[in-house]
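Student: Have a look at this prediction, sequence included:
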Number of protein chains: 2
Amino acid sequence: MDERAALADLADRLPDAGDDCAVVDQQVITTDMLHERTDFPSGTTRYTAGWRAVGASLSDVAAMGADATAAVAAYGAPSFEPDELGAFVDGAQEVCHAVGAEYVGGDLDNHDEFTVATTAIGTAADPVLRSGASPGEAVCVTGTLGRTGAALELFDSGDIDRANELFRFEPRVHAGVALRPYATAMMDSSDGLARSLHQLAEASGCGFAIEEPLPIDKQVDAITETDQERSELGVFFGEDFELVCTLPESDVPEARQGVPCQFHQIGTVTERGVTLDGEVLPDRGYSH
Amino acid sequence: MDERAALADLADRLPDAGDDCAVVDQQVITTDMLHERTDFPSGTTRYTAGWRAVGASLSDVAAMGADATAAVAAYGAPSFEPDELGAFVDGAQEVCHAVGAEYVGGDLDNHDEFTVATTAIGTAADPVLRSGASPGEAVCVTGTLGRTGAALELFDSGDIDRANELFRFEPRVHAGVALRPYATAMMDSSDGLARSLHQLAEASGCGFAIEEPLPIDKQVDAITETDQERSELGVFFGEDFELVCTLPESDVPEARQGVPCQFHQIGTVTERGVTLDGEVLPDRGYSH
């Protein structure tokens, strides 16, 4: 059974676990496990790993429209070299600092494979779930798409410094808080834009009509040659940790003013089906 | 560098991380990573693994005298068999239920080695730290010592059912809350009684004079032959997740009334040095 099927199997038993974070007493909490073989390509610095692992959890807090409070990390590795561990903590602290949260440490575990489990907590009296989108509303996305796909190409081609830089991202906590009064549904794009839209559609019982042009990152343009490659990295690849949300179309201009990053309307909410320029958009993306 | 040295190295950078939990805005948070090779002996059921992994984090919440709110787990494994995953969630839910917390799910990760990272959160307006013990006070411990050491012997000898039963434990959250008004310093005994006393002594700048008899679990008596074996499992082995605390000696009778488990005074706080029946008690125990 793969992760997706197993998660679906657990959904009935853990009703609080189906969103980006679980909600308990106006608090949100989320946890993620990342490890070397699948999440940290060769060349990823420990600074980038600390930043990105903690950032992935903070992105889930952002997706609830919550204020981020704190994060912890459990760090499993074959050895604890002070410079590696120190760089990891630097990255973890920096990404927390960027979103107003506090990094408060964690656990060390002697492990054969470099493995990191991060947890972030936040607060929101009225968190934004995935389930509130209604036909006629606007679908919007923060930032640009395809950074992580581009980063992996750069790791492959040996451009390690630029790859590390692209691999770090600012979790959209401030944007999520700014969107909270307007957003009817929200999640992060960690599984890719296409799959995220399908997940939002399923949770809200709606569809989406998406229209080009999409805000594909210019790094993607720089390393791709065909439209198909560009679309693969920008639409399907995932792990970009941008916010995908729905809100009344009339609120978009006002909402945009509070969002401290790029914010693009990419389509509208429909009754059913997920399309891109009128064609079916496959439910395909990054499986963690 | 081993875990202990690495933790000491980080202590200056992460002042919030030196206790059983970090404290942020009257909330406590703690995370632990456990994995098959070192933490789940052959024969450990997934039910026991879920119970014990989540219980380890809840025990840290207990050690702050905090009310436990919720726990999450990231579950890494080579495959996600529904019965194994279901049993893990059963165990996680049961141990949360036992202490009034809510298990709210987590993350799945495809990992070569069965690896679990758990995080628990709780609340306490005035959490009990490790640093408040004063000479003249009583040193007390909840429950009995040596259960985990005995469990490992039973796993080795093939008595798997009894071993699993001993390997599950009730985190002392209710005891911790009951002790909060009295305790001047507290931690859990996850590193063993001896090492825990040394850690409390260092944090509080004091010593301890411990006196036999210690509340060694009767399961330890059943499987050991010499006093040395008994002491090894009960005093040094660790991972028992009992609370070790200090409080004014005059408060012990009243405190005991609120503690819903065994509660023994095992000695007194001194100016310096950790002794057992007048002999130096070595700073030796279980290294995670």
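Tutor: Alright, I've got the coordinates.
Student: domain assignment for chain A?
Tutor: A:3-123, A:138-280 (automatic domain parsing).
Student: measure A:Glu232 to chain B for me?
Tutor: 22 Å (C-beta to the nearest C-beta, to the nearest Å). Yep, even glycine has a C-beta here, placed from its N, CA and C like the rest.
Student: Low-confidence ranges, chain A, go.
Tutor: Chain A contains residues with pLDDT under 70 at A:286-288.
Student: Find the residue at the geometric middle of it.
Tutor: A:Phe241 (2.4 Å; C-alpha atoms, centre = their mean).
Student: tell me the contacts of that residue?
Tutor: Applying C-beta atoms under 8 Å, 6 or more residues apart in numbering or on different chains, we find A:Phe241 in contact with A:55-56, A:59, A:169, A:171-172, A:188-190.
Student: Dump the residues you listed to JSON lines, plus secondary structure, neighbour count and distance to chain B.
Tutor: Listed next are the contacts of A:Phe241 as JSON lines, based on DSSP: H, G, I helix; E, B strand; the rest coil; neighbours: other C-beta atoms under 10 Å in any protein chain shown; distance: C-beta to the nearest C-beta, whole Å:
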{"residue": "A:Gly55", "secondary structure": "helix", "neighbour count": "29", "distance to chain B": "15"}
{"residue": "A:Ala56", "secondary structure": "helix", "neighbour count": "27", "distance to chain B": "10"}
{"residue": "A:Ser59", "secondary structure": "helix", "neighbour count": "32", "distance to chain B": "13"}
{"residue": "A:Phe169", "secondary structure": "coil", "neighbour count": "23", "distance to chain B": "19"}
{"residue": "A:Pro171", "secondary structure": "coil", "neighbour count": "30", "distance to chain B": "16"}
{"residue": "A:Arg172", "secondary structure": "coil", "neighbour count": "29", "distance to chain B": "19"}
{"residue": "A:Asp188", "secondary structure": "strand", "neighbour count": "27", "distance to chain B": "14"}
{"residue": "A:Ser189", "secondary structure": "coil", "neighbour count": "28", "distance to chain B": "17"}
{"residue": "A:Ser190", "secondary structure": "coil", "neighbour count": "22", "distance to chain B": "11"}
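Student: and the two most separated of these?
Tutor: A:Gly55 and A:Ser189 (13.3 Å; C-beta to C-beta).
Student: Quick check: which helices or strands does the lengthiest strand in chain A pack against?
Tutor: Secondary structure assigned by DSSP state E gives strand A:67-77 as the longest strand of chain A. Applying 3 or more C-beta pairs under 8 Å, 6 or more residues apart in numbering or on different chains; DSSP states H and E, we find strand A:67-77 packed against helix A:46-62, helix A:82-98, strand A:102-110, strand A:115-123, helix A:173-179, strand B:22-24, strand B:27-35, strand B:115-123.
Student: Please identify the deepest-packed of the domains of chain A.
Tutor: Ranked by mean neighbour count, those are led by domain A:3-123 with a mean of 22 (mean count of other C-beta atoms under 10 Å in any protein chain shown).
Student: and the end-to-end length of that one?
Tutor: 28 Å (C-alpha to C-alpha, to the nearest Å).
Student: From the chain's centroid, how far away is that domain?
Tutor: 12 Å (C-alpha atoms, centre = their mean, to the nearest Å).
Student: now swap in stretch A:260-267 and tell me
Tutor: On C-alpha atoms, centre = their mean, the centre of stretch A:260-267 falls 15 Å from that of its chain.
Student: C-alpha coordinates for that stretch, PDB please?
Tutor: Taking Å, rounded to 0.1, in the frame of the first residue of the first chain, the C-alpha atoms of stretch A:260-267 are listed here in PDB:
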ATOM      1  CA  PRO A 260       3.900  40.300   1.000                       C
ATOM      2  CA  CYS A 261       4.800  38.300  -2.100                       C
ATOM      3  CA  GLN A 262       3.500  37.700  -5.600                       C
ATOM      4  CA  PHE A 263      -0.100  36.700  -5.700                       C
ATOM      5  CA  HIS A 264      -1.800  35.600  -8.900                       C
ATOM      6  CA  GLN A 265      -5.300  34.600  -9.800                       C
ATOM      7  CA  ILE A 266      -5.000  31.500 -11.900                       C
ATOM      8  CA  GLY A 267      -8.600  30.600 -12.500                       C
END
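Student: what comes into contact with that stretch?
Tutor: With contact meaning C-beta under 8 Å, 6+ apart, stretch A:260-267 is reached by A:138-144, A:170, A:172, A:174-175, A:178, A:208-211, A:214-215, A:249, A:252, A:255-256.
Student: rerun that using 6 Å as the cut-off
Tutor: With contacts defined as C-beta atoms under 6 Å, 6 or more residues apart in numbering or on different chains, stretch A:260-267 is touched by A:138-143, A:174-175, A:208-211, A:214-215, A:252, A:256.
Student: Return the member of those residues nearest to A:Asp112.
Tutor: A:Gly143 (35.5 Å).
Student: Tell me which residues touch that closest one, please.
Tutor: Applying C-beta under 6 Å, 6+ apart, the residues near A:Gly143 are A:242, A:261-262.
Student: Could you report the distance from it to A:Leu154?
Tutor: Here A:Gly143 is placed at a distance of 18 Å from A:Leu154 (C-beta to C-beta, to the nearest Å).
Student: can you check A:Ile121 too?
Tutor: For A:Ile121, the distance to A:Leu154 - C-beta to C-beta - is 33 Å.
Student: now the strands for the stretch 151-288 of chain A?
Tutor: Listed in chain order, the strands of the stretch 151-288 of chain A (DSSP state E, counting those that start in this stretch) span A:185-188, A:207-210, A:243-247, A:263-270, A:274-276, A:279-280.
Student: Which strands border the shortest one, and is each parallel or antiparallel?
Tutor: If I follow you right, that is strand A:279-280. strand A:274-276 (antiparallel) (DSSP bridges).
Student: quick one: the strand it pairs with to chain centroid distance?
Tutor: In this view, strand A:274-276 has its centroid 20 Å away from the chain centroid, taken as C-alpha atoms, centre = their mean.
Student: same check, this time on stretch A:275-288
Tutor: Worked out by C-alpha atoms, centre = their mean, stretch A:275-288 lies 17 Å from the chain centre.
Student: returning to that earlier point: output the domains of chain A as JSON lines; include the columns distance to B:Gly105.
Tutor: JSON lines is the format used below for those (distance: least, C-beta to C-beta, whole Å):
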{"stretch": "domain A:3-123", "distance to B:Gly105": "3"}
{"stretch": "domain A:138-280", "distance to B:Gly105": "15"}
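Student: Enumerate the residues of the stretch 101-250 of chain A near chain B.
Tutor: Within reach of chain B by C-beta under 6 Å from any C-beta of the partner chain, the stretch 101-250 of chain A has these residues: A:102, A:104-109, A:117, A:119.
Student: Dump those residues into CSV; add distance to A:Glu202 as well.
Tutor: As requested, these are exported to CSV (distance: C-beta to C-beta, whole Å):
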residue, distance to A:Glu202
A:Glu102, 35
A:Val104, 35
A:Gly105, 37
A:Gly106, 33
A:Asp107, 35
A:Leu108, 39
A:Asp109, 36
A:Ala117, 27
A:Thr119, 26
